[in-house]
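1. Sequence and predicted structure are below.
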Amino acid sequence: MSTPAIYSCKDDEHGMDDPQACETTADILGPYYKPNSPIRENIIPDDDLTEPLRIEGKVFGSCSDLLRDATVEIWNANADGTYDTSNNFLFRGKFKTTADGVYRFKTIIPGRYLNGGTFRPSHIHFRITATGYQELVSQIYFKDDPFIDTDPWASTTQARERILTVTQDTNGVDIITFDIYLNKA
């Protein structure tokens, strides 16, 4: 189980503490986690023709300390909502953050799948580790997904800041920016 990362940061504009300014909340690991994903930036299989999504962000060890060599691991379903459980590690990978704390992946917006009587919204799983910091397991969701309100994890107030808007870069590629904050161990 992962502990939510919560910091007390100053809001420079108002001079007040803003506890959510440096917070990345935890979410469930889920049943499809598979350890030992390969280090790679592109987790889309070569034969997959789904529109790509670029995910990028920075990993922080406090409100402003960028973490070098943090491991960011992601996994998601394919466009049909199916997870690969083979040793091919399709739609799975990890990335070591750069000197300036940056990570990036190329994946897709995953499909939804039935969870009991309702569909899980599209989501991407994250597991972040760094020496001297608590492990964080989390997920991101996509704004305007019709299944967010009925999902027991995406509909919580803790998930609110992890429901993200897809934008496009200057080349028309879909992009999500997700900065991550870790607690000291």
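-> All right, it came through fine. The structure presented is a predicted model; accordingly, all values stated were derived computationally and were not measured.
2. The closest residue to residue 131 other than its chain neighbours: what's it in contact with?
-> Distances taken as Cβ to Cβ, 6 or more residues apart in numbering place residue 69 nearest to residue 131, at 7.7 Å, with adjacent residues excluded. (Glycine included, C-beta is placed from N, CA and C.) Residue 69 makes contact with 96, 97, 130, 131 under the criterion Cβ atoms under 8 Å, 6 or more residues apart in numbering.
3. where's the second one relative to residue 29, distance?
-> The reference is to residue 97. Separation of residue 97 from residue 29 (Cβ to Cβ, to the nearest Å) stands at 21 Å.
4. more crowded one of these two?
-> The residue with more neighbours, out of residue 97 and residue 29, is residue 97; 22 against 14, by other Cβ atoms under 10 Å.
5. Let me see the contact set for residue 60.
-> 22, 66, 67, 101, 179, 180, 181, 182.
6. Kindly state the beta-bridge partners for it.
-> Note on residue 60: beta-bridge partners residue 66, residue 181, judged by DSSP bridges.
7. can you pull the pLDDT of it?
-> pLDDT for residue 60: 97.
8. Let the chain start at 16 from now.
-> OK, 16 is where the count begins now, so the last one is residue 75.
9. For residue 120, see how far away it is.
-> For residue 75, the distance to residue 120 equals 18 Å [Cβ to Cβ].
10. again with residue 138
-> From residue 138 across to residue 120, the span is 14 Å (Cβ to Cβ).
11. cool, and residue 110?
-> Taken as Cβ to Cβ, the span from residue 110 to residue 120 is 6 Å.
12. Now do the shared contacts for the two.
-> By Cβ under 8 Å, 6+ apart, residue 110 and residue 120 have these common neighbours: 56, 87.
13. So which residues of the chain form strands?
-> For the chain, applying DSSP state E gives strands covering 24-26, 31-33, 67-75, 86-90, 107-111, 117-123, 128-130, 133-135, 138-144, 151-157, 178-179, 182-183, 189-192, 195-196.
14. Tell me how far the fourth one lies from the chain's centre.
-> Its chain's C-alpha centre lies 8 Å from the corresponding centre of strand 86-90 when counted by Cα atoms, centre = their mean, to the nearest Å.
15. What confidence value was assigned to residue 79?
-> At residue 79, the model reports a pLDDT of 83.
16. what about it, neighbour count?
-> By the criterion of other Cβ under 10 Å, residue 79 has 8 neighbours.
17. Next, it: phi, psi?
-> Main-chain dihedrals, residue 79, degrees, to the nearest 10: phi -140, psi -10.
18. Please report the distance of it from residue 48.
-> Distance from residue 79 to residue 48, by Cβ to Cβ: 30 Å.
19. now residue 72
-> 20 Å.
20. Neighbour count: those two, which is higher?
-> A direct count of neighbours by other Cβ under 10 Å for residue 72 and residue 48 places residue 72 higher, at 20 against 15.
21. for the more buried one, what are its contacts?
-> 117, 118, 119, 192, 193, 194, 195.
22. Fine, thanks again, bye for now.
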